[in-house]
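Visitor: Next comes the sequence, and after it the predicted model I'd like to discuss.
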Amino acid sequence: MVILKTAGAIKKMREAGRLSALALKVGGEAVVPGVTTAEIDRVIHDFIVSQGATPSFLNLYGFPASACISVNDELIHGIPGNRVIKEGDIVSIDVGACLDGYHGDNAATFVAGNASEEALALLDVTKQSLYKGIEMATVGHRVGDISNAVQTYCEERGYSVVREFVGHGIGRSVHEDPEVPNFGAAGHGPRLVSGMCIAIEPMINAGTRFVSTDSNGWTVRTKDGKLSAHFEHTIAITEDGPIILTDPD
Ligand code: MG
């Protein structure tokens with residue numbers, strides 16, 4: 001069931017989203033060669049708590065940290081630990097904050113030092129595809145219009161779209177209906193109406209679309225070992241068009 005948000009609820013989600021965006025920014029600034037993923041998570045955790053908010057992912061389904069930190073061929077759900085980030089690594093950070101009962105959720109892939117041209121191109125296409133999806137998030141469109149915009153943009157450029165994980169509605173819960181896939185047919189799926197809040201989150205691979213989950217039950221990585229990138233915003237659909245709630249400003 002899709003839970004529509006009032007203007008008042010969207011205002012609260014904007015605050016939660018702003019904190020989520022700032023937490024992501026703080027995390028991204030901590031991505032430098034020599035740092036461990038646990039140290040990045042600590043910086044993020046401490047920032048969120050310092051703002052009087054709660055890390056949305058901490059203990060969500062049993063996840064043991066405040067941020068998912070996924071490196072190179074890992075695309076999502078990487079568990080922060082003693083892995084040391086190396087020059088040229090790409091580091092996906094997915095983080096949300098809960099404030100006043102509402103959640104924000106956002107992600108971005110950062111580079112440690114200087115990354116390869118191949119990596120930078122993947123990041124650019126993934127990020128742009130998120131904005132292609134957001135452009136379609138208008139009243140009267142359907143979820144499939146977002147999905148198709150993301151998929152088409154990435155596949156036309158030779159990248160592949162992960163099928164097993166998708167975006168989602170968001171509000172008082174991190175994950176609400178509807179599912180927002182990054183692939184699918186335009187004109188299909190639930191109709192977009194004013195008051196819907198959704199997280200759009202392309203997970204895009206440089207090689208094949210196939211992924212596997214590690215034996216820890218969390219870390220998802222590409223089957224071919226090639227790079228993967230992840231960008232995400234929480235947005236509200238309004239009569240005036242989509243509003244990015246995970247905006248740091
Ligand atoms: Mg999400």
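Guide: The structure has been received and is ready for your questions. Residues are numbered from 1 along each chain as shown.
Visitor: CA only for contacts and neighbour counts going forward, please
Guide: Noted.
Visitor: which residue packs closest to Gly241, ignoring adjacent ones?
Guide: The spatial neighbour of Gly241 that comes closest, neighbours along the chain excluded (C-alpha to C-alpha, 6 or more residues apart in numbering), is Thr138 at 5.4 Å.
Visitor: Assumed that neighbour was part of a strand.
Guide: No. Remark: Thr138 does not belong to a strand; assigned using DSSP: H, G, I helix; E, B strand; the rest coil, it is coil.
Visitor: Would you check that it makes contact with Met196?
Guide: No. Under the criterion of C-alpha atoms under 8 Å, Thr138 lies out of contact with Met196, with a separation of 10.1 Å.
Visitor: Please enumerate the shared neighbours of those two.
Guide: Overlap between the neighbourhoods of Thr138 and Met196 consists of Ile237, Thr238, taking contacts as C-alpha atoms under 8 Å, 6 or more residues apart in numbering.
Visitor: Helices of the protein, residue ranges please.
Guide: Taking DSSP state H to define them, one finds helices in the chain at 7-29, 37-50, 117-135, 143-156.
Visitor: For the last one, give the mean pLDDT please.
Guide: Think helix 143-156. The average pLDDT for helix 143-156 rounds to 98.
Visitor: now do the first one
Guide: pLDDT averaged over helix 7-29 equals 98, rounded to a whole number.
Visitor: How about that helix, which residues are buried there?
Guide: 9-10, 12-28 (16 or more other C-alpha atoms under 10 Å).
Visitor: any idea how far Leu123 is from the residue nearest to Gly241?
Guide: The span separating Thr138 from Leu123 equals 25 Å under the rule C-alpha to C-alpha, to the nearest Å.
Visitor: who's in contact with the closest residue to Asn114 other than its chain neighbours?
Guide: Spatially, and ignoring its direct neighbours in sequence, Asn114 is nearest to Gly88 (5.1 Å; C-alpha to C-alpha, 6+ apart). With contact taken as C-alpha under 8 Å, 6+ apart, Gly88 is in contact with Val111, Ala112, Gly113, Asn114, Ala115, Ser116.
Visitor: how near is Gly88 to Leu227?
Guide: Between Gly88 and Leu227 the distance is 12 Å, computed by C-alpha to C-alpha.
Visitor: Likewise for Val211?
Guide: Separation of Val211 from Leu227 (C-alpha to C-alpha): 11 Å.
Visitor: Also Lys132?
Guide: Lys132 sits 21 Å away from Leu227, going by C-alpha to C-alpha.
Visitor: Thanks again, I'm all set now.
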